[in-house]
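**Student:** what shape does this take:
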Amino acid sequence: MKTTIRYIMITAIRDRLFVGLFVCVLAAALLSRLLGGTAMLEPEQMTLVFAAASSRAILAVGLIVFVCFHVRTAFDSKEIDVMLSRPMSRHNLVLSYWVGFAFVAAILTAVMVAVMLVVGVIDYQGFMIWALSFLAEVWLVVALGLFAAFTLKSAVSAVMASLGFYVLARMMGFFIATANKSLLFEDDRIDTGLRLVIQAVSIVIPRLDFFAKTQWLVYGAGDDHLWFILQAAIYIPVLLVAAILDFRRKQF
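**Tutor:** Next up is the predicted model:
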């Protein structure tokens, strides 16, 4: 496992993942400060919220692309075959990949948290909970990208599937709130059916709107912050088990 983690770190440094994402996060923070400076009311709050939201999206997309292309390249170059020739089981290989990517994600999260500290912190307790929830989110994103990369045969399709799943999970709260309004259609039966479908989908798909809420940075975190712990504890193992089961079925 240590060898796999070291190899992932070397690949991340070689591909300039840390430098590239740091530059993007820094640029997002500077742009957020510029936009926040134009606000007539609460410019500090707007700057912090814009910087946190844009940085979150940048890191999530960057990690998905890195994970999917790294794993698919390992398949195409027969590196997976070489790893399996060692006394290493397939589930240990998947878990070591996740630990390695999670370590890279933790470093990137620490860098982003440092940038947010420079931007300015309004509520320290809310900021700490926000940082922990974002760490759980990127670990879940890594598990999602890993599952897509192991199950799909193309890096591009794995990236697109992961991004689509991530956007859907991020907007699930909006979909549920819209469906509960029962104002989409004039027929109550259609509204009720749509609401039931969306609620059923929300049970299967993780609710990423519970993670890294920007309102915590300004108003502090309430009791709703406990939901992200439950979501991460359920969906990360589920995605890893699904990736392991699919990987065991593959013939080399």
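**Student:** quick one: pLDDT of the nearest residue to V67 once chain neighbours are set aside?
**Tutor:** Excluding its sequence neighbours, the residue lying closest to V67 (Cβ to Cβ, 6 or more residues apart in numbering) is G145, at 3.6 Å. Yep, even glycine has a C-beta here, placed from its N, CA and C like the rest. What the model reports as pLDDT for G145 is 93.
**Student:** show me the contacts for G145.
**Tutor:** By Cβ atoms under 8 Å, 6 or more residues apart in numbering, the contact set of G145 is 63-64, 67-68, 71, 101, 158-159, 162.
**Student:** now it: how far from F174?
**Tutor:** G145 sits 23 Å away from F174, taking Cβ to Cβ, to the nearest Å as the criterion.
**Student:** which of the contacts of G145 lies closest to R56?
**Tutor:** Nearest to R56, judged by Cβ to Cβ, of the contacts of G145 is L63 at 11.0 Å.
**Student:** surely H91 meets I244?
**Tutor:** Yes - assessed by Cβ atoms under 8 Å, H91 is found in contact with I244 at 4.6 Å.
**Student:** once you drop chain neighbours, what's closest to V99?
**Tutor:** Sequence neighbours aside, I5 is the residue nearest to V99 in space, at 6.0 Å (criterion: Cβ to Cβ, 6+ apart).
**Student:** so what does the helix or strand hosting the one you found touch, helix or strand wise?
**Tutor:** With the criterion set as DSSP states H and E, the secondary-structure element containing I5 is helix 2-14. For helix 2-14, the contact count by 3 or more Cβ pairs under 8 Å, 6 or more residues apart in numbering; DSSP states H and E identifies helix 43-76, helix 90-119 as packing neighbours.
**Student:** buried sites along the shortest one?
**Tutor:** Think helix 90-119. Within helix 90-119, the residues scored as buried using 16 or more other Cβ atoms under 10 Å are 90, 93-105, 108-109, 111-113, 115-116, 119.
**Student:** how about the helices of the stretch 151-252 of the chain, start to end?
**Tutor:** For the stretch 151-252 of the chain, helices defined by DSSP state H, counting those that start in this stretch occupy the ranges 155-180, 188-204, 215-219, 226-249.
**Student:** quick one: closest of the ones you listed to T47.
**Tutor:** Each of the helices of the stretch 151-252 of the chain was scored for nearness to T47 using Cβ to Cβ, and the closest is helix 215-219 (10.5 Å).
**Student:** ok, residues contacting that closest one?
**Tutor:** By Cβ under 8 Å, 6+ apart, the residues outside helix 215-219 that reach it are 45, 48-49, 52, 121-123, 126-127, 129-130, 133, 225.
**Student:** of those residues, buried ones?
**Tutor:** The neighbour-count criterion (16+ other Cβ under 10 Å) marks 45, 48-49, 52, 121, 123, 126-127, 129-130, 133, 225 among the contacts of helix 215-219 as buried.
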